[in-house]
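Engineer: One predicted model, sequence on top.
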Amino acid sequence: MSKKMTFRKKGLAVILCLMMGIATIAGCGKEEETPVVEADEDALEVPEVKGKEETVGAFTLLVPKGMEAEEGSSESVVTLSDDDASIVFQVVDKSEAKDYVKALIEEDDSFEEITFSLDGTKWSGASYKKDFVVYAKIGKSTVIAIGTGYKYTDDIPLAVLASLEVESGAETVSIGGASGKGGTFVYGDGLFTVEYTGAFRETDPSSEFGDLVSQDGDQKVYITSVYDWDDLDDLGDEISSYNYDMQDLTVDGKDAILFTYEDYFGDYTADFVIPLDWVYRTPSGNEMVAVRIYTTGSTAEEAASDDFMELINSVDVNDDYVTDEGETSSYGSADWEGYWERGWYGFWIVSDACTDFESNIGYAYDCLATFDCDGDEVHMQVVDAKSEQGELDVDVYFNHYEDMTDSGWLISDQGQILGYDIGYYDAIIDPESDAQLLDDYISMNVDLYDEDGNWVLEISFFLRPWGSDFNDFAYVDEADLPYMCVNWDPVTADMFPFNYDSWYVDIMDDPFPGLDAIVGQVVE
């Protein structure tokens, strides 16, 4: 039931109506004033960068040409990277982002506070040379971007930041990892794993010092493996040159050592090593004889922090990949299957040809190869850089024969090479014979015949395990290896596959990428 308006309230209402009317009349005839908009001095322009828009995890963003965007430990964590730089995007709590930047500036005087506006969005953070951390509100979420290898004013980070969109309701994660739980770093197709806690985050693995995989503030941790016994000896000699402290540890049931020392740059280094008694090798060719994890800090205690100790104590070495005894060379496997079942890189070349194919002499292409062993049968497959669809150049079955060496030797049984049928004894691969000239390569020389039995081509293959360099080819006389090189220069003795520098060298330390990885890589 409504109440009647009192006299006092009626009087007040009349007065208000009169005042509003007077104000309206007073405003008649005046021009409406245009609001003054002050220029945003911190605004940066959005540059044009070639690429395409992609949705990865909870983010929609511009992926510049030549870069890849991959989801991390959560759909709310995405890494945009190329060979030299990366930006990690995370949906985070705003207060955590502010605290992260504040701590970064307080702990490292090199970082300076920055703020800027980009396409109407206000970003805050810190930067130093080619590293930056910035955060902003995108839609209803706070996003932090942590860049390595870029200035924040470079075209790529600006274009990508301006393109960011975030899925509604995206999960908020800790800067240290999804939900603050960290994650697992898998090294070399599973040679070993490392658990990193919420204090660390996984970062872009490319680094001149090793495989940078974790970072907490400005502390970077490098996790890598030592490939062979000579490298392990060299590491020992290097550490011995410092005035170091040594602590014996047991990690994953194996004897380990933690060295702390001041290095040549004046940084305090915590260098953790697990020397292994055996060689560990995966089927794709990754190999190690020791695990190494190291970091630096302003003091020895800072380098060997509790978080770093927790990280190294989480190492789990996969004993399924033991292949041979530590007293032998890294490829001295008593298990001959381990010798063959790796990824291989090299090239093939037409050495000679009949009149109809004479113009093909000298044709050569980089190639990738694999060998699969089943009992005494070995299946060889090869794909080269000229292929557009990944067609096999070589699909041949060999019989394996023991000869008291680590590899044995192979004799063809049946298959095809460049579409020509191969039969028993048509192709032979004998690593021991090849080793008389150079270490650790294999060759195969084959004569090809058409279906009428007419000789067509002579073709030669030269392969090395994935990750090997070809530098020693430069010291071999042409007379000894007349067809071993595609780019033969008698002055410099430059003997490398066409794509050696332009493609292979940049990725040779990565795991074997599979046969199709080389498709379309041919140099014109």
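Structural biologist: Received, thanks. Residues are numbered from 1 along each chain as shown.

Engineer: Now do the helices in the protein.
Structural biologist: 7-26, 94-107, 155-163, 229-240, 300-303, 306-312, 336-340, 431-434, 505-507 (DSSP state H).

Engineer: Make a markdown table out of those and add mean pLDDT and mean neighbour count.
Structural biologist: (Glycine included, C-beta is placed from N, CA and C.) Putting the helices of the chain into a markdown table (pLDDT from 0 to 100; neighbours: other C-beta atoms under 10 Å) gives the following:
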| stretch | mean pLDDT | mean neighbour count |
| --- | --- | --- |
| helix 7-26 | 44 | 10 |
| helix 94-107 | 83 | 16 |
| helix 155-163 | 95 | 21 |
| helix 229-240 | 81 | 14 |
| helix 300-303 | 88 | 16 |
| helix 306-312 | 88 | 19 |
| helix 336-340 | 86 | 22 |
| helix 431-434 | 74 | 16 |
| helix 505-507 | 91 | 13 |
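
Engineer: Put together CSV for those helices, with distance to residue 445 on each row.
Structural biologist: Shown next, in CSV, are the helices of the chain (distance: least, C-beta to C-beta, whole Å):
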stretch, distance to residue 445
helix 7-26, 101
helix 94-107, 60
helix 155-163, 48
helix 229-240, 31
helix 300-303, 54
helix 306-312, 49
helix 336-340, 19
helix 431-434, 11
helix 505-507, 27
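
Engineer: The nearest residue to residue 244 once chain neighbours are set aside and residue 275, how far apart?
Structural biologist: The shortest distance from residue 244 to any residue other than its chain neighbours is 3.8 Å, reached at residue 261 (C-beta to C-beta, 6 or more residues apart in numbering). In this view, residue 261 and residue 275 are 18 Å apart by C-beta to C-beta, to the nearest Å.

Engineer: same thing with residue 89?
Structural biologist: Where residue 275 is concerned, residue 89 sits at a distance of 39 Å (C-beta to C-beta).

Engineer: The two: who's more crowded?
Structural biologist: More crowded of residue 89 and residue 275, by other C-beta atoms under 10 Å: residue 89, with 27 against 18.

Engineer: Let me see the contact set for the more buried one.
Structural biologist: 59, 61, 77-80, 143-145, 164 (C-beta atoms under 8 Å, 6 or more residues apart in numbering).

Engineer: Can you spell out which residues form a bridge with it?
Structural biologist: residue 78, residue 145 (DSSP bridges).

Engineer: cool, residue 186 as well?
Structural biologist: residue 193.

Engineer: So what's the residue count around it?
Structural biologist: 14.

Engineer: hang on, it packs against residue 193?
Structural biologist: Yes: using C-beta atoms under 8 Å, residue 186 is in contact with residue 193, at 5.3 Å.

Engineer: tell me the strands in the stretch 251-400 of the chain, going along the chain?
Structural biologist: 254-262, 268-281, 287-297, 316-317, 322-325, 344-353, 364-374, 377-384, 394-401 (DSSP state E, counting those that start in this stretch).

Engineer: next one: the stretch 51-200 of the chain
Structural biologist: Counting by DSSP E, counting those that start in this stretch, the strands of the stretch 51-200 of the chain are 51-56, 59-64, 68-71, 77-81, 86-92, 112-118, 121-128, 131-138, 141-148, 165-166, 183-187, 192-196.

Engineer: Of those strands, which shows the lowest average pLDDT?
Structural biologist: Ranked by mean pLDDT, the strands of the stretch 51-200 of the chain bottom out at strand 183-187, which scores a mean of 79.

Engineer: could you say what helices and strands it packs with?
Structural biologist: Judged by 3 or more C-beta pairs under 8 Å, 6 or more residues apart in numbering; DSSP states H and E, the packing partners of strand 183-187 are strand 192-196, strand 219-226.

Engineer: Distance to residue 251 for the strands of the stretch 51-200 of the chain - can I get that in CSV?
Structural biologist: Shown next, in CSV, are the strands of the stretch 51-200 of the chain (distance: least, C-beta to C-beta, whole Å):
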stretch, distance to residue 251
strand 51-56, 35
strand 59-64, 37
strand 68-71, 29
strand 77-81, 28
strand 86-92, 28
strand 112-118, 39
strand 121-128, 34
strand 131-138, 31
strand 141-148, 28
strand 165-166, 40
strand 183-187, 14
strand 192-196, 10
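
Engineer: what about those, which gets the closest to residue 283?
Structural biologist: Judged by C-beta to C-beta, the one of these that comes nearest to residue 283 is strand 183-187, at 15.2 Å.

Engineer: Centre of the chain to the closest one, how far?
Structural biologist: 13 Å (C-alpha atoms, centre = their mean, to the nearest Å).

Engineer: CA atoms of it as PDB?
Structural biologist: Output in PDB follows, covering the C-alpha atoms of strand 183-187 (Å, rounded to 0.1, in the frame of the first residue of the first chain):
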ATOM      1  CA  GLY A 183      55.800 -29.600 -14.800                       C
ATOM      2  CA  THR A 184      58.000 -32.200 -16.400                       C
ATOM      3  CA  PHE A 185      60.900 -31.500 -18.800                       C
ATOM      4  CA  VAL A 186      61.600 -34.600 -21.000                       C
ATOM      5  CA  TYR A 187      65.200 -34.600 -22.500                       C
END
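
Engineer: That strand relative to strand 287-297, how many degrees between them?
Structural biologist: 130 degrees (axes from the mean of the first three to the mean of the last three C-alpha atoms, to 10 degrees).

Engineer: that older thread, select, out of the helices of the chain, the one closest to residue 414.
Structural biologist: Closest to residue 414 of the helices of the chain is helix 336-340 (C-beta to C-beta; 18.0 Å).

Engineer: what's that closest one packed up against?
Structural biologist: strand 364-374.

Engineer: I'd like the mean pLDDT over the strand it packs on, please.
Structural biologist: 90.

Engineer: could you dump it to CSV, C-alpha only?
Structural biologist: The C-alpha coordinates for strand 364-374 follow below in CSV (Å, rounded to 0.1, in the frame of the first residue of the first chain):
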residue,chain,number,x,y,z
ALA,A,364,72.6,-34.9,-55.7
TYR,A,365,70.2,-34.3,-52.8
ASP,A,366,70.4,-34.2,-49.1
CYS,A,367,68.5,-37.1,-47.4
LEU,A,368,67.4,-38.6,-44.2
ALA,A,369,67.5,-42.4,-43.5
THR,A,370,66.3,-44.9,-40.9
PHE,A,371,67.1,-48.6,-40.3
ASP,A,372,64.6,-50.8,-38.5
CYS,A,373,65.9,-54.1,-37.2
ASP,A,374,63.9,-57.3,-36.8
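
Engineer: What residues of it count as buried?
Structural biologist: 364-371, 373 (16 or more other C-beta atoms under 10 Å).

Engineer: With distance to residue 517 as extra columns, can I get the residues you listed in CSV?
Structural biologist: Shown next, in CSV, are those (distance: C-beta to C-beta, whole Å):
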residue, distance to residue 517
364, 19
365, 14
366, 11
367, 11
368, 7
369, 12
370, 12
371, 17
373, 22
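
Engineer: May I ask which two of the residues you listed are separated the most?
Structural biologist: Top of the distance list for these (C-beta to C-beta): 364 and 373, 28.0 Å.

Engineer: Now residue 54. Nearest residue, chain neighbours left out?
Structural biologist: Closest residue in space to residue 54, ignoring its immediate chain neighbours: residue 63 at 4.8 Å, by C-beta to C-beta, 6+ apart.

Engineer: And the one you found, how close does it get to residue 81?
Structural biologist: Taken as C-beta to C-beta, the span from residue 63 to residue 81 is 10 Å.

Engineer: Repeat that for residue 285.
Structural biologist: 23 Å.
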